[in-house]
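Provided below are the primary sequence and the corresponding predicted coordinates.
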Amino acid sequence: MDMEARGHREHPEALRLWLRLLTCTQLIEKQVRGQLREQFDTTLPRFDLMAQLERNPEGLKMNELSRRMMVTGGNVTGITDQLVAEGLVERVAVAGDRRAYRVRLTPRGRKIFDDMARQHESWIVQALGGLSPREIDTLHKLLGKVKQHQTDLSQELENT
């Protein structure tokens, strides 16, 4: 059962919208996970970790990767170990800190990630293909307002 099926007409419209957003996200994510598995024999968490490293060519410390991906350090370590074994990422010592290291893409990892990222982009464009460019722009702006409102609420809570 998808999340949206849990909503009822008597629920507030905002709740019904929330459930629709969750359902859309889950449907698109399921499709992306399947395509990554089928075409690249990889997982979405591995793709996400490599995407973080692609945005930071100098590499990231493990705790930074964990924070950015919003997963535990153990999850990041497990994924990193797999990618190191496959020659897609490498661990590099951090000068002045014998216990710390950065993780970064290898040249081979960068090439493979570039191929995955191009495909990922086309899957997302296809997933949202039912919307016109204008509708995509409108939805993007509206969700930006939701994001800003949530950011403001979070800051208010931190300041109390």
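Yes, it's here. Numbering: from 1, shown residues only.

so where is the chain shaky, pLDDT-wise?
Across the chain, the ranges flagged by pLDDT under 70 are 1-9.

Who are the contact partners of the residue sitting nearest the centre point of it?
Here the mean C-alpha position of the chain is nearest to the C-alpha of D48 (CA atoms, centre = their mean), at a distance of 5.2 Å. Going by CB atoms under 8 Å, 6 or more residues apart in numbering, D48 touches M69. Backbone N, C-alpha and C define where each C-beta goes, glycine included.

quick one: it from E29, how far?
Using CB to CB, to the nearest Å, one obtains 11 Å as the distance from D48 to E29.

gap between the two ends of stretch 125-143?
Counting by CA to CA, to the nearest Å, you get 17 Å between the two ends of stretch 125-143.

Just give me the longest strand of the protein.
In the chain, ranked by residue count with DSSP state E as the criterion, the top strand is strand 97-105.

which parts of that strand are buried?
With burial defined by 16 or more other CB atoms under 10 Å, the residues of strand 97-105 counted as buried are R102, V103, R104, L105.

which one is the first one nearest to, not counting chain neighbours?
Of all residues not flanking R102 in the chain, G59 sits nearest, at 3.3 Å (CB to CB, 6 or more residues apart in numbering).

doesn't R104 make contact with that neighbour?
Yes - counting by CB atoms under 8 Å, R104 is a contact partner of G59 at 3.2 Å.

Find residues that contact each of those two.
Taking CB under 8 Å, 6+ apart as the contact criterion, the residues that touch both G59 and R104 are L53, V92.

ranges for the helices of the protein?
Using DSSP state H, the helices of the chain run over residues 13-40, 44-55, 62-69, 73-85, 107-127, 133-158.

measure stretch 83-92 end to end?
Length of stretch 83-92, first residue to last, CA to CA: 14 Å.

Identify all contacting residues around that stretch.
Under the criterion CB under 8 Å, 6+ apart, residues 46, 49-50, 53, 59, 80, 101-106, 108-109, 112-113 lie in contact with stretch 83-92.
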